[in-house]
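S.K.: Sequence and computational prediction follow.
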Protein chains: 6
Amino acid sequence: MSEYKAFRVELSDKIAHVTINRPDKANSMNADFWTEIIDIFRWADETDEVRVVVLSGAGKHFSAGIDLMLLAQAGSRLGKDVGRNARALRKVILDMQASFNAVDRCSKPVLAAIQGYCLGGGIDLIAACDMRYSTVDAQFSIKEVDMGMAADVGTLQRLPRIIGDGMMRELAYTGRMVDGEEARQIGLVNRTYADQSALLDGVFELARQIASKSPIAVRGSKEMIRYARDHRVEDGLEYIATWNAAMLQSVDLQAAIAAHMGKTQPEFAD
Amino acid sequence: MSEYKAFRVELSDKIAHVTINRPDKANSMNADFWTEIIDIFRWADETDEVRVVVLSGAGKHFSAGIDLMLLAQAGSRLGKDVGRNARALRKVILDMQASFNAVDRCSKPVLAAIQGYCLGGGIDLIAACDMRYSTVDAQFSIKEVDMGMAADVGTLQRLPRIIGDGMMRELAYTGRMVDGEEARQIGLVNRTYADQSALLDGVFELARQIASKSPIAVRGSKEMIRYARDHRVEDGLEYIATWNAAMLQSVDLQAAIAAHMGKTQPEFAD
Amino acid sequence: MSEYKAFRVELSDKIAHVTINRPDKANSMNADFWTEIIDIFRWADETDEVRVVVLSGAGKHFSAGIDLMLLAQAGSRLGKDVGRNARALRKVILDMQASFNAVDRCSKPVLAAIQGYCLGGGIDLIAACDMRYSTVDAQFSIKEVDMGMAADVGTLQRLPRIIGDGMMRELAYTGRMVDGEEARQIGLVNRTYADQSALLDGVFELARQIASKSPIAVRGSKEMIRYARDHRVEDGLEYIATWNAAMLQSVDLQAAIAAHMGKTQPEFAD
Amino acid sequence: MSEYKAFRVELSDKIAHVTINRPDKANSMNADFWTEIIDIFRWADETDEVRVVVLSGAGKHFSAGIDLMLLAQAGSRLGKDVGRNARALRKVILDMQASFNAVDRCSKPVLAAIQGYCLGGGIDLIAACDMRYSTVDAQFSIKEVDMGMAADVGTLQRLPRIIGDGMMRELAYTGRMVDGEEARQIGLVNRTYADQSALLDGVFELARQIASKSPIAVRGSKEMIRYARDHRVEDGLEYIATWNAAMLQSVDLQAAIAAHMGKTQPEFAD
Amino acid sequence: MSEYKAFRVELSDKIAHVTINRPDKANSMNADFWTEIIDIFRWADETDEVRVVVLSGAGKHFSAGIDLMLLAQAGSRLGKDVGRNARALRKVILDMQASFNAVDRCSKPVLAAIQGYCLGGGIDLIAACDMRYSTVDAQFSIKEVDMGMAADVGTLQRLPRIIGDGMMRELAYTGRMVDGEEARQIGLVNRTYADQSALLDGVFELARQIASKSPIAVRGSKEMIRYARDHRVEDGLEYIATWNAAMLQSVDLQAAIAAHMGKTQPEFAD
Amino acid sequence: MSEYKAFRVELSDKIAHVTINRPDKANSMNADFWTEIIDIFRWADETDEVRVVVLSGAGKHFSAGIDLMLLAQAGSRLGKDVGRNARALRKVILDMQASFNAVDRCSKPVLAAIQGYCLGGGIDLIAACDMRYSTVDAQFSIKEVDMGMAADVGTLQRLPRIIGDGMMRELAYTGRMVDGEEARQIGLVNRTYADQSALLDGVFELARQIASKSPIAVRGSKEMIRYARDHRVEDGLEYIATWNAAMLQSVDLQAAIAAHMGKTQPEFAD
């Protein structure tokens, strides 16, 4: 685990706690943020000891979205040829997408704990997490429309599968604020909590439960749900059959069955 | 803007108001309806001044669905060879589908405002809109099953993404009535209003908000959500990156950033 | 209709009632279960007189999932070569999937009526049904994670389309219990009933409604929704156009129109 | 059949002969060309008497590709905002693609007869035809690369399925000339002929054969091959089963069997 | 290995030799043929001792295609309602497709050895095999077009991937005869032989080579090529990675490496 | 450009020449090879001055495939739990695939020049290149089958699109040697040359031609062909329309048109 400028990362009891750590800037996403997040989630992905990740924001807000300075800089670097500018911009966007793809593809579950503002890029980010939990008074907005642009780092691709097509469009076209309670009703978050402290307690409790399960089982489940999102049912079935052909030869299955028979709590290796 | 027999079309303040205008026939869908709707939505699509479309029905009902006379006529034109009949019927269905595809593919958001009956083809139509709003006492039914046929102009393809797979099947197999309140709970409409007047006020208020946004941003968002519906996440990400490579060179982004910095309201060209 | 060991099958009034019939074993899924279910649903699929299927469980519980003896046996048959074991296990899983695919692909609607426990394989099974109804105190759990494995007979592929991506992952990673009321809120079941008797009454009432409709219409609707789940909207539209090119030449359409005009109740042949 | 400016269209013996008719401009594709071709192929598609289409070029060359004046005009209409220009250009390209999609989707086989130059847009055009035949000294080139652009009306999408991935890329990156003989070897044309007269004789002989077959059979085959190009094998099988469920009830099948038994030549209605 | 009416099946040296055995009927495909072929290829698929299958025809011809009596019978069973007829016919076609799908999905390579006529259903059949070899004077024809129908048991779906899109369409629309030499040039067969005896010698030599390889390796390769046909490159890569994660733990890899080091011939278990 | 252990990399006249440089080991692919190739192709992708890449092998052979020591090491690192081994092996394979994906996704054309042996991993590698050229006596073999495994770094996914489905399977199941002349006939290489010197001359001549074209045009063409390989025609058309909406605003198009009008040779910026 290295030191990071835009994040604080802690690991204990199999749970990696990743905190966006620019509270005085409302955790807006600067250049450090976009590169460090790739390293952090690669580390979480590859470190067997990490079984689950909790992602939260330091201070009053989860994140106000992309740092506007970054956008301004990207703009100032453009030249005169529209074609070559397009080539450059496309690469910038693909690179930023890669940052959140690292969250989506991390083989361990990622739980987002959200308080205060979660705006623009913040929505793109939590849409790439596995589950979302918030305080009742959290504030969500697909802010990109107010910046004169369509969201381009994942919201428009991932969110429709989470909240359904109808409300999705209203939020994308209007950029209106949604509070925690409405977010729960439309499925954007799974549960709300009275305040930030209760939120973190609740999310960590959930994380601990997940960390106690067989990592072979949890990781397989995540891979399969991710796969099912983009493939037809039949392809998904063939894929899990191929996957489990190896995984069912693991000792975790025997350990679980033995524990179940003996009514004890099984212990699983990383 | 031409004159239409089955519709009334008005444009003001960037909002096109399209009204099905056969109130004495419960706005049932006759031959004029099916051809005019293509022209209207092509016009809305291509006219830069139109930024958003509100679709409603004149009189007591939104629409009672396809005019049964039309079905009867189609039947009377069939000949003796089943193969050639099939060739002809397939073309009739594809043509009717094209009418609602024009709504789905219109590059501007389409908001449906629904009161009274919304039956059969009416459901196919609102499923092709971006968002749906209704009075609390509106009445929805996938009526085709009572006509001895499977719905074939879009309901069975588009609605599962809006209301989920479980309730979808119940409504398709039984054709049972759903009122506005239940429609809201299952995600078929985004919001309900006490009566038709409040409904139109509410929907126009929303339309005005959308019309005030950058048309480059709104249109891009719609295109991306439509694309995401039919493609995997990764394809959607690649597509928006290619799209925004050009769009981020638009002045709208700069205007929005400048307005945001100066805390003023930005103005966007059509 | 043959005799079955793990099931009881009755047919009356066009409704096939399929009951998992091992109440003393909490209807856990043994070897008989996995093979008989294929025969039963092939029979339901091919028997014109069957128009709808109700699937329930005898006794206190719907089903506690796969019989652990079966898992243990499968394990004991494994040899020393990992590659050949994988070949064998993959075939076992594909065969079990085929059992629930028979439910999914049955051309008649399948309504699950659930009381008590519905665990592990029970969830895989109801996810392959068309609709789900339960008592308020039913208990659902994606139990596989507690067995040290990822669910591999359909839950992870079919359920996200029913309950949405966010809650799906929480339930898959934690295996936590969900009661009937929460199941209804997240869309896992369409409706809850006070107790098992009210449940069966309600579900049979619904089944009777469906059985009274044109079987050509109901079957076409099911086929189209199944197809839409795995294909893009445009493909679905082309497919229904091709399908209905033949089906609209059926007498059911004429019978329905005539009945509608004459305000009588139409009768449809099987 | 209307009069056209860029084409000559004749119909005799069930064969529509469509000739690009700007020989003094090497049949380059001007504004008339792009709009008229849609009307012509819609007519061919909808006119039952047309069973097959032969597409050729008047004069020395098949076609030199897009008229450069058209490109220049499109350029001169661009404004200052890159985003709005992109919106306009995207529409122009989609419209031009629609012209060749009309050829691809025409339900009757389209046979291209090629002599002299077939350059740039000419390749996009013949890639949308069913089969290609040429003189031995015809000259083919994916000329777009020399115009500083990637081909955008179909070559890059359709040709890889015809000539394979390896040679495809060489031709697209270099724009080098390929003569008729090499074209035959790599599968770009099915057969070569000594000169234009022999070419037309050969292609018309083939067209006559096709015109003598059941139009239900030929049309079904084309639709299925087009479908198979874009779908997986299994989807294609399901689609033809649904299609033929109606078509096998046609009298053409009985007529063909009767003729086969009686060793006579069957006659098929349009 | 049971006795069959339409086939002769032999197994020696790991090679199953399946011969269509109705030489006096030019091996036309009768009712026995369609059901027995499923059993035979299921047996070949599940019998570990079978490592490769050779499919040939007894007598002068490989196969003249479907038995016309069968078509006539299917026709005579149709009733008056077009919709219910379509339901029945669709099932008949899907069932016949299932017969050739059994060949396609057999996990062992299937080599077709073709002499004399290979017409209509014969083409559908060999398109479902892995590789095709023929005598120089074999005669191939997509005969269905002469029966007034589009081929519906696999030719139109599988053959374009084998011979390319351009020649595919010519053969499908004209039904013209292709001899062995042309078949080789267009990729329909991999190699031709002077006569039937040389053909069988050549194909069995190839079969022996394949049978000497690791069955884990050969089977994996077939599964991956079949998968690649219907999926994008990236999906195929992910799938083989998951597959080989188990298979590389097999002893076959170690045996092969050891043999390679020691320059001996490895022996592989079934 | 850094120094590499397994490669030699030169850049002149816009052409990057990448040479596998372990001639005393027949250019077998060791650990350095797999990591360095990613860096090299990322550099080629991102360096505007590089317009085309030539990939060749130093010494007598192009490449003998994966270094067997590497396989042996991977094997020795495996533990006792099959599930965790599978997790580890899957990652190893995905990582190796990433090495060749870097070649496939490099935005500049990659031309392979092949002499001597091209075995196993060598085939996987050249299948990821754009085009392949060889000496007449080059020797190709899908060697993996002789190692007891299915090829898992790209051959089975990419090669069928290049050489067709029929011959593909023969080569994959038998691992038999194919020489340069046969390779040309089946489309595996585009052209053969008498010896290595003529080969490099020929490939560099082609590379110079490509380097003289507009990089905007060449790169767009490659991206589109790659996209077309994995998507349906219609998706490909929509994608190029979106892409060219920006690219046609580049000065390259104007420069090319001006040069064409003035009959001069255009110069394009990187």
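M.R.: Yes, it's here.
S.K.: Flag every residue of chain A that's near chain F.
M.R.: Contact residues of chain A with respect to chain F, defined by CB under 8 Å from any CB of the partner chain, are listed as A:81-87, A:216, A:219, A:246-252, A:269. C-beta: built from backbone N, CA, C; applies to glycine.
S.K.: now do 10 Å
M.R.: Taking CB under 10 Å from any CB of the partner chain as the test, the list of chain A residues beside chain F reads A:45-46, A:48, A:79-91, A:107, A:214-217, A:219-220, A:223, A:243-253, A:269-270.
S.K.: Of the residues you listed, just the buried ones, ChimeraX syntax please.
M.R.: Written as a ChimeraX command, the selection of buried residues from the residues of chain A next to chain F, which uses 16 or more other CB atoms under 10 Å in any protein chain shown, is:
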select /A:45,81,82,83,84,85,86,87,88,89,90,107,214,215,216,217,219,220,223,243,244,245,246,247,248,249,250,251,252,253
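S.K.: ok, and which of the residues of chain A next to chain F reach chain C?
M.R.: When the residues of chain A next to chain F are filtered against chain C using CB under 10 Å from any CB, the residues retained are A:214-217, A:219-220, A:223, A:243-253.
S.K.: So which of the residues you listed belong to helices?
M.R.: Taking DSSP state H as the definition of helices, those contribute A:215-217, A:219-220, A:223, A:243-247, A:251-253.
S.K.: could you dump the residues you listed to CSV with distance to residue E:57 and pLDDT?
M.R.: Supplementary listing: these in CSV, determined by distance: CB to CB, whole Å; pLDDT from 0 to 100:
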residue, distance to residue E:57, pLDDT
A:215, 55, 95
A:216, 50, 94
A:217, 51, 96
A:219, 51, 96
A:220, 47, 96
A:223, 46, 96
A:243, 41, 95
A:244, 41, 94
A:245, 37, 93
A:246, 41, 93
A:247, 44, 93
A:251, 52, 90
A:252, 52, 90
A:253, 48, 88
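S.K.: mind putting the residues you listed in TSV, distance to chain E included?
M.R.: What follows is these, written out as TSV (distance: CB to the nearest CB, whole Å):
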residue	distance to chain E
A:215	16
A:216	12
A:217	16
A:219	13
A:220	10
A:223	9
A:243	5
A:244	10
A:245	5
A:246	4
A:247	9
A:251	14
A:252	15
A:253	15
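S.K.: Next, give me the two most distant ones among those.
M.R.: Spatial extent of these (CB to CB) is set by the pair A:223 and A:251 at 19.6 Å.
S.K.: Quick check: closest non-adjacent residue to residue A:72.
M.R.: The spatially closest residue to residue A:72, leaving aside those adjacent along the chain, is residue B:257, at 6.8 Å (CB to CB, 6 or more residues apart in numbering or on different chains).
S.K.: contacting residues for the one you found?
M.R.: Neighbour list for residue B:257: A:68, A:71, A:72, A:75, A:147, A:148, A:149, B:266 [criterion: CB atoms under 10 Å, 6 or more residues apart in numbering or on different chains].
S.K.: swap the cut-off to 8 Å and go again
M.R.: Contacts of residue B:257 were listed using CB atoms under 8 Å, 6 or more residues apart in numbering or on different chains, and they are A:68, A:71, A:72, A:147, A:148.
S.K.: starting at the chain centroid, how far to the host helix or strand of it?
M.R.: Residue B:257 is located in helix B:251-261, with elements delineated by DSSP states H and E. What separates the centre of helix B:251-261 from the centre of its chain is 31 Å, taken as CA atoms, centre = their mean, to the nearest Å.
S.K.: can you pull out the strands in chain A?
M.R.: All strands of chain A, identified by DSSP state E, fall at A:7-12, A:15-20, A:52-57, A:110-114, A:117-119, A:131-135, A:139-141, A:178-179, A:191-193.
S.K.: mind listing what's buried in the helix or strand bottoming out on mean pLDDT in chain A?
M.R.: Each helix and strand of chain A was given a mean pLDDT (mean pLDDT, DSSP states H and E); the minimum falls on helix A:68-76 at a mean of 83. For helix A:68-76, burial by neighbour count (16+ other CB under 10 Å) applies to A:70, A:71.
S.K.: what is the orientation angle of it with helix B:251-261?
M.R.: Here helix A:68-76 runs at 150 degrees with respect to helix B:251-261, directions being taken by axes from the mean of the first three to the mean of the last three CA atoms, to 10 degrees.
S.K.: what does helix A:68-76 rub up against?
M.R.: Residues outside helix A:68-76 that contact it (CB under 8 Å, 6+ apart) are A:28-31, A:34, A:89, A:92, A:147, B:248, B:253-254, B:257, B:260-261.
S.K.: Now do the residue of the stretch 101-250 of chain A found nearest chain F against residue A:239, distance only.
M.R.: Here the stretch 101-250 of chain A gets closest to chain F at one residue, residue A:250, 2.5 Å apart by CB to the nearest CB. Spatial separation of residue A:250 from residue A:239 under the definition CB to CB, to the nearest Å is 18 Å.
S.K.: now swap in residue A:113 and tell me
M.R.: Look at residue A:113 and residue A:239: by CB to CB, they are 31 Å apart.
S.K.: Also residue A:124?
M.R.: Distance from residue A:124 to residue A:239, counting by CB to CB: 27 Å.
S.K.: that older thread, can you tell me how far the residue nearest to residue A:72 is from chain D?
M.R.: As judged by CB to the nearest CB, to the nearest Å, residue B:257 and chain D stand 14 Å apart.
S.K.: same check, this time on residue A:169
M.R.: Distance, residue A:169 to chain D, using CB to the nearest CB: 20 Å.
S.K.: ok, that residue - contacts?
M.R.: Listed by CB under 8 Å, 6+ apart, the contact partners of residue A:169 are B:109, B:130, B:131, B:221, B:222, B:225.
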